[in-house]
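Peer 1: got a predicted structure plus its sequence, pasted below:
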Amino acid sequence: VGFVALGITLCSFTYVVLAIVRVRRFAHELERFERRADEPALTLLKPIYQGDPQLLENLRSCCRQDYPLFQVIFGFRLEDDPAIAVVQQIMEEFPDHDLQLVVDPTVIGPNLKVSSLSNMVRHAKYDLLIIADSDMRVPADYLSRVVGPFADAQVGAVTCVYQGASDNNT
């Protein structure tokens, strides 16, 4: 039993080390993509449920993108969600942005976030879709960095490894 446990432990450790190496390599590969001259128009989907203390700043960051043409859709399932007031404030702060609020209680399958995304995508103006959770605060070049890999015709989907950071209040 001891040898089996040791073997499982060594396999697990090896897997973790290989995963860390691959994630670092992936992050390094993303650095090679430069900003595209022909950045395509895109729709950013932000599913929101009740928000969090950082919601206002997180949503502001997605509106402060250094990107030529993008739409942001904020999606909710419930009309009485308290975070809707935050989105309305964002819409007032950024009147020149293409921002849309979608409230749709339709449930499609067992996953409520996927249901919200499905309800939101019907309002998307552009074919290129980016999904970013409401707890993400992003730098001004976020959209450009995500879109960069699409310059390669073999790329059909992109994912971003992101790092959580705590403010000192939590």
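Peer 2: Cool, got the structure.

Peer 1: the residue sitting nearest the centre point of the chain: what's it in contact with?
Peer 2: Computing the C-alpha centroid of the chain and ranking residues by Cα atoms, centre = their mean puts Ala132 first, at 1.7 Å. Ala132 sits next to 44-46, 62, 138, 142 when contact means Cβ atoms under 8 Å, 6 or more residues apart in numbering. C-beta coordinates here come from the backbone N, C-alpha and C atoms, glycine included.

Peer 1: out of those, list just those in strands.
Peer 2: 44-46 (DSSP state E).

Peer 1: tabulate those residues in CSV, adding columns for pLDDT and distance to Leu117.
Peer 2: Below are these laid out as CSV (pLDDT from 0 to 100; distance: Cβ to Cβ, whole Å):
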residue, pLDDT, distance to Leu117
Leu44, 97, 12
Leu45, 97, 6
Lys46, 96, 10
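
Peer 1: in this structure, spot the helix with the most residues.
Peer 2: helix 2-31 (DSSP state H).

Peer 1: give the rounded mean pLDDT of that helix.
Peer 2: For helix 2-31, mean pLDDT is 82.

Peer 1: now it, how far from the centre of its chain.
Peer 2: Offset of helix 2-31 from its chain centre (Cα atoms, centre = their mean, to the nearest Å): 25 Å.

Peer 1: below-threshold pLDDT in this protein: ranges please.
Peer 2: 26-37, 161-170 (pLDDT under 70).

Peer 1: which residues of it fall in strands?
Peer 2: 42-47, 70-76, 98-103, 128-131.

Peer 1: determine which of the ones you listed approaches Val23 most closely.
Peer 2: strand 128-131 (19.8 Å; Cβ to Cβ).
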